[in-house]
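# mind folding the following:
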Amino acid sequence: MNHRTARPLRSVTLDDVRGAQKMLSGVARTTAMEGSRHLSQLVGAPVQLKCENLQRTGSFKLRGAYVRIAGLLPEERAAGVVAASAGNHAQGVALASSLLGVHATVFMPHGAPLPKVSATREYGAEVRLTGQVVDETLAAAQDYAARTGAVFIHPFDHPDIIAGQGTVGLEILEQCPEVRTILVGVGGGGLVAGIAVAVKAIRPDVRIIGVQAEGAAAYPPSLAVGHPVAVASPATMADGIKVGKPGVVPFGLVRELVDEMRTVTEDQLSAALLLCLERAKLVVEPAGASPVAALLASPDTFEGPVVCVLSGGNVDPVLLQRVLRHGMAAQGRYLAVRLLLTDRPGALATLLGVLSGVDANVLDVSHVRTDPRLGLSEVEVELHLETKGPAHCAEVGQCLRDAGYTVIP
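Predicted coordinates:
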């Protein structure tokens, strides 16, 4: 381990965040704050969306990465930097290094989405695909740092990283000075810790609420015992907050400054992503949509004005397709049904006529005639339907039963 990362880690102060803001002038964008009429009506108070999905590289990660690398000593810059990431941190480190003239090596897992791998290379980093999961990639990056002397740039567990992310909090206070509640997606905790440092020092009355994916929620048990603990096998579509254990530095700040930590389900994440796309016209990744998911889950529990930090928009198109379909299903706008039909000419056409009568749009049809489970005169049909909500789904099901069809559970 190089001598810089071996130094004792300090805490983070408002002065650190303000210093980071000066350093980032002309580098990071002051991202837009967009109002949401739909969410405001739902909450009964103004709701604003802080659009870090529109930041350079598509997420807030550039802020912390730039501050961390800019603070390196000349000899450390000469040795280069190394990072491990499946996407957002990789791109932040790549661009920051390029802007500062520092060579960057970024380790990414073999399963990393191709658009994120390509973008990291285009920002100027040397990309090495290693391991199948981020933990393996992280180990490879740390081994590389030990062998070469390159400075390891941690995605969240360093004061400089936290100070850089905290500049989001300063912008929120400037853009929405009357804010009462800020919702922030949480993985390792760097972003929420930085925002809390900045906001609580200026406006201690503002409530800071962290949001974690239910399948990767390491903070609730960690806060319960008073120190970071790992979650075994974290699992969520929100890869930006899929972190198994809080960082030591952000954990101390979160425990001191963050008012509450909530969790959201995969269905709630899908619905939030879909809402951002449809209502706000914003492409947001699942991690970035987590604050909106928490808002949708319990809209009457937040004091307004509320600011939701949309932390990133780097969603893989393949995942986006799956998430949108999942979100539509969660809202009752997508229905999959399996039916048994009598094997005779025109049976499928008759079924489609029934569905047309109830205004269900057929997306695709699977027609199985040869299966040992079926009788000689039976066929199985699986239909994917576009529907208009839970009530319409129930209407479709009842219509099929009334028409004499056997719906397979």
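
# quick check, pLDDT for P8.
P8 is assigned 47 on the pLDDT scale.

# please apply the same query to P372.
60.

# can you show me the strands along the stretch 101-250 of the chain?
Here the stretch 101-250 of the chain has its strands, by DSSP state E, counting those that start in this stretch, at 104-108, 126-129, 151-152, 181-185, 207-213.

# let me see the domain layout of the protein.
8-59+158-328, 61-152, 332-408 (automatic domain parsing).

# with mean neighbour count as new columns, can the ones you listed be given to me in CSV?
From N, CA and C alone the C-beta is placed, and that goes for glycine too. Below are the domains of the chain laid out as CSV (neighbours: other CB atoms under 10 Å):
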stretch, mean neighbour count
domain 8-59+158-328, 21
domain 61-152, 21
domain 332-408, 14
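
# which stretch in the ones you listed has the least confidence?
domain 332-408 (a mean of 81).

# could you dump the strands of the stretch 101-250 of the chain to CSV with distance to A360?
What follows is the strands of the stretch 101-250 of the chain, written out as CSV (distance: least, CB to CB, whole Å):
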stretch, distance to A360
strand 104-108, 42
strand 126-129, 44
strand 151-152, 54
strand 181-185, 35
strand 207-213, 32
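
# so how far is E34 from the most centrally placed residue in the chain?
The residue lying closest to the centre of the chain (CA atoms, centre = their mean) is A287, at 1.1 Å. Going from A287 to E34 by CB to CB, to the nearest Å gives 18 Å.

# try V284
11 Å.

# what are the phi and psi values for the residue nearest to Q268 when sequence neighbours are not counted?
Nearest non-adjacent residue to Q268, counting by CB to CB, 6 or more residues apart in numbering: A293, 4.1 Å away. Note on A293: backbone dihedrals following degrees, to the nearest 10 are phi -60, psi -40.

# do I have it right that A293 meets R262?
No. With contact defined as CB atoms under 8 Å, A293 does not count as touching R262 (9.3 Å).

# joint contacts of those two?
Common neighbours of A293 and R262, counting by CB atoms under 8 Å, 6 or more residues apart in numbering, are V211.

# before we move on, back to that, can you check which of the strands of the stretch 101-250 of the chain gets nearest to L49?
strand 181-185 (10.1 Å; CB to CB).

# tell me what angle that closest one forms with strand 207-213.
For strand 181-185 against strand 207-213, the angle by axes from the mean of the first three to the mean of the last three CA atoms, to 10 degrees is 20 degrees.

# so what secondary structure elements neighbour strand 181-185?
helix 190-202, strand 207-213, helix 286-297, strand 306-310 (3 or more CB pairs under 8 Å, 6 or more residues apart in numbering; DSSP states H and E).

# need those in JSON lines (columns: distance to R29).
As requested, the helices and strands packed on strand 181-185 are exported to JSON lines (distance: least, CB to CB, whole Å):
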{"stretch": "helix 190-202", "distance to R29": "16"}
{"stretch": "strand 207-213", "distance to R29": "23"}
{"stretch": "helix 286-297", "distance to R29": "16"}
{"stretch": "strand 306-310", "distance to R29": "14"}
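
# where along the stretch 251-400 of the chain do the helices fall?
Per DSSP state H, counting those that start in this stretch, the stretch 251-400 of the chain has helices spanning 266-278, 286-297, 317-330, 347-357, 390-402. These are given in chain order.

# let's have the ones you listed in CSV, adding distance to A65.
Converted to CSV, the helices of the stretch 251-400 of the chain look like this (distance: least, CB to CB, whole Å):
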stretch, distance to A65
helix 266-278, 25
helix 286-297, 17
helix 317-330, 23
helix 347-357, 52
helix 390-402, 43
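
# and the ones you listed: which comes nearest V82?
Across those, V82 has its closest neighbour in helix 286-297 (23.2 Å, CB to CB).

# helices or strands up against that closest one?
helix 37-43, strand 181-185, strand 207-213, strand 260-264, helix 266-278, strand 306-310.

# those into CSV, with extra columns for distance to C393?
Listed next are the helices and strands packed on helix 286-297 as CSV, based on distance: least, CB to CB, whole Å:
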stretch, distance to C393
helix 37-43, 22
strand 181-185, 30
strand 207-213, 26
strand 260-264, 23
helix 266-278, 15
strand 306-310, 29
